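I need the structure of the sequence given here:
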Amino acid sequence: MALLGAQLVITLIMVSVIQKLGSHISIAKWLLCSTGLTRYLYPTDQKLKTLVGIPKEKHRKGKHIENGKTLETFQIPRNLDITLETAPVTSLDVIHLKFYADFQWLFDFSIYGAIVYIMTEVYNNWYPIKDEINLSMLWCCLIIGFAFKILIALWVQYFKSEESIGERSTCIVTGFSYLLIAMMVLIVDENTLELGLDTAYTSFNHTASVFLINQGLLSSGPASKIFIKFTLAVFCGFLGSLFTFPGLRVSKMHWDTLRYHKDNKLLLILANLSYVFPLILVSLWIKPISRDYLTVRIFSGMTKPLMTASVFESLRLIVIIIAVVLKIILMPVYLQSYLNLAHQRLEIQKKEAGRISNIEFQKKIAAVFYYLCVVALQYIAPLIICLYCTLMYKTLGGYSWEGIYKNLELEECQVPQPFSGSKMFTDDDKTVTERAQEFQLALSSMKQIFTIEVYRGIFGLATWWTCFTLFATTAMGMLYQSYFNNV
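Just a heads-up that it's a prediction; the model follows:
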């Protein structure tokens, strides 16, 4: 129980830090307001009138009055020669943006969760977890849950608005497309794509059957493999639908980043490396071109493979973390590329004929900055899901950063017998110790059912599929950008 007590201390410290410093120190706010982001200001009515040559009218009371402000609508040429003014993004600007509170909470809480995980891992290095709960896994679950909640909230917006028919159709079509791809992936042999699902099902079916038999229930297994794989495929399809527009948005920002910084060779290398990293991660689970090549094949002039199997497992985890950290480092560059969209819209409009109202023109420019936090969430939420699925894959899957396996011998689970009548307590008679004993028994039963192999299958699929959808959606967006830029 010493480790559990230490974890509780770590958790209480982090909760205290969130309560005391969360409102004063925010990494999310720093990322938006202290990294040099510049926004474009829409021109005022007076400036537009001056450029168009409309004479200034005297203010007439009672006409177009709303909250003490005079609203004027007039037409301007679309090809009006105008230059947008810029201003640095400040905390007073972002605090009123849509989804700013969600972005700040998700990003800051994920940082706190990472600190808790690191502290728990360091402590666990000296005092390994045996029967205690790893509280850092609860933090990881909460962070993944918050990220999913926000992505679903953004996804639902496409189904609420009557003007988002195209976006809604895209989400539905991509969802079914990813469902089909997931069903194809799940029937691939483990010798080709080593997700560990077959081993996970065998272990879960065995341990769950033993548990049910010890409880006096006859069972040959909780569910068929086809049903479980179809359920996983449906979840994968839904995840792919959630990642569709974040991936398209990131691909647009990546395309613009390459265009804006074509003279900065270092930034181009980092941006392209960040873009291709998900494909590299996906290939690390394809056994013939990764594990067999690095851990089995012996090259000429060598007496053994490049690395052992355990080191290869650790390498996959470390590469994922490096990829996520690199993307977060480049996040301000990508956000600035998004803010430059206001200037792009103006340049495109200058090539058009006709006229546009001043209100519509101002909204077109202001909307770019207004949705900054939405874009930031679309960028960061998939990365957070990928990162924390990886951390749970490492911890619950029994891996080590040093490439050392834990003992994975399959032993028949000796599930504790249920409480006899003399040991049952009513809610009024239970003491704290008795409640703790019952909780410990329930936890022990869960651990015996959900073995390391089960966790490896679940989070191995989650980690690999997240990396796959990250690359697939951005690749689809890059094809879209290259096609329409060449038309």
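
going by C-alpha atoms from here, please, whenever you check contacts or count neighbours.
OK.

shaky segments in the stretch 151-300 of the chain?
By pLDDT under 70, the weakly predicted segments of the stretch 151-300 of the chain are 215-223.

so where do the helices sit in it?
Secondary structure of the stretch 151-300 of the chain (DSSP state H, counting those that start in this stretch): helices at 165-185, 197-214, 225-242, 244-260, 265-283, 291.

for the ones you listed, which one sits closest to residue 449?
Set against residue 449 and scored by Cα to Cα, those come closest in helix 197-214, at 5.0 Å.

gap between residue 30 and residue 332?
For residue 30, the distance to residue 332 (Cα to Cα, to the nearest Å) stands at 11 Å.

looking at these two, which one has more neighbours?
More crowded of residue 30 and residue 332, by other Cα atoms under 10 Å: residue 332, with 19 against 13.

tell me how many other residues surround the nearest residue to that one once chain neighbours are set aside.
Using Cα to Cα, 6 or more residues apart in numbering and skipping the chain neighbours, the partner closest in space to residue 332 is residue 35 (6.6 Å). When neighbours are counted by other Cα under 10 Å, residue 35 registers 15.

how about residue 313?
21.

tabulate the helices of the stretch 151-300 of the chain (a markdown table), appending distance to residue 309.
Listed next are the helices of the stretch 151-300 of the chain as a markdown table, based on distance: least, Cα to Cα, whole Å:
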| stretch | distance to residue 309 |
| --- | --- |
| helix 165-185 | 23 |
| helix 197-214 | 17 |
| helix 225-242 | 27 |
| helix 244-260 | 33 |
| helix 265-283 | 16 |
| helix 291 | 8 |
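
residues in contact with the spatially most central residue of the chain?
Closest residue to the average C-alpha location of the chain: residue 382 at 2.1 Å, with Cα atoms, centre = their mean. By Cα atoms under 8 Å, 6 or more residues apart in numbering, the contact set of residue 382 is 147, 243, 246, 466, 470.

okay, those in CSV with neighbour count next?
Compiled in CSV, these are given as follows (neighbours: other Cα atoms under 10 Å):
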residue, neighbour count
147, 25
243, 28
246, 27
466, 25
470, 26
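
which of those lies closest to residue 315?
Using Cα to Cα, residue 466 is the member of those that sits closest to residue 315, with 17.6 Å.

find the nearest non-adjacent residue to the closest one, please.
Nearest to residue 466 is residue 386, by Cα to Cα, 6+ apart, at 5.8 Å.

tell me, how many residues neighbour that neighbour?
If you count neighbours by other Cα under 10 Å, residue 386 ends up with 21.

element containing it, please.
In this assignment (DSSP states H and E), residue 386 forms part of helix 372-396.

residues contacting stretch 78-91, please?
Outside of stretch 78-91, the residues within contact range by Cα under 8 Å, 6+ apart are 29, 32-34, 36-43, 51-52, 343, 349-356.

7 Å - rerun?
33, 36-43, 349-356 (Cα atoms under 7 Å, 6 or more residues apart in numbering).

next, the distance between the ends of that stretch.
Start-to-end span of stretch 78-91 (Cα to Cα) is 33 Å.

which ones are touching residue 159?
Taking Cα under 7 Å, 6+ apart, we find residue 159 in contact with residue 168.

ignore what I typed, I meant residue 281.
Residues near residue 281 by Cα under 7 Å, 6+ apart: 320, 467.

helices and strands around the longest helix seen in the chain, which ones?
Longest helix in the chain by number of residues (criterion: DSSP state H): helix 452-486. If you count contacts as 3 or more Cα pairs under 7 Å, 6 or more residues apart in numbering; DSSP states H and E, helix 452-486 packs onto helix 197-214, helix 244-260, helix 265-283, helix 372-396.

quick one: buried residues of it?
Buried positions in helix 452-486, judged by neighbour count with 16 or more other Cα atoms under 10 Å: 452-475, 477-478, 481.

please apply the same query to stretch 160-169.
In stretch 160-169, counting by 16+ other Cα under 10 Å, buried: 167-168.

what does that stretch contact?
Around stretch 160-169, the neighbours that count as contacts under Cα under 7 Å, 6+ apart are 158-159.

measure that stretch end to end?
13 Å.

what of stretch 210-229?
End-to-end distance for stretch 210-229: 22 Å, by Cα to Cα.

SS state for residue 36?
Taking DSSP: H, G, I helix; E, B strand; the rest coil as the rule, one finds residue 36 in the coil state.

contacting residues for residue 152?
Going by Cα under 7 Å, 6+ apart, residue 152 touches residue 242.

distance of it relative to residue 277?
25 Å.

do residue 167 as well
Here the criterion is Cα to Cα. By it, residue 167 lies 27 Å from residue 277.

what sits closest to residue 260 if chain neighbours are left out?
Nearest non-adjacent residue to residue 260, counting by Cα to Cα, 6+ apart: residue 337, 7.7 Å away.

what angle do the strand or helix carrying that neighbour and helix 244-260 make?
Using DSSP H and E, residue 337 sits within helix 331-339. Here helix 331-339 runs at an angle of 90 degrees relative to helix 244-260 (axes from the mean of the first three to the mean of the last three Cα atoms, to 10 degrees).

for helix 331-339, packing partners?
helix 244-260.

list of residues touching the helix it packs on?
Contacts of helix 244-260 (Cα under 7 Å, 6+ apart): 171, 268, 334, 337-338, 378-379, 470, 473-474, 477-478, 481.
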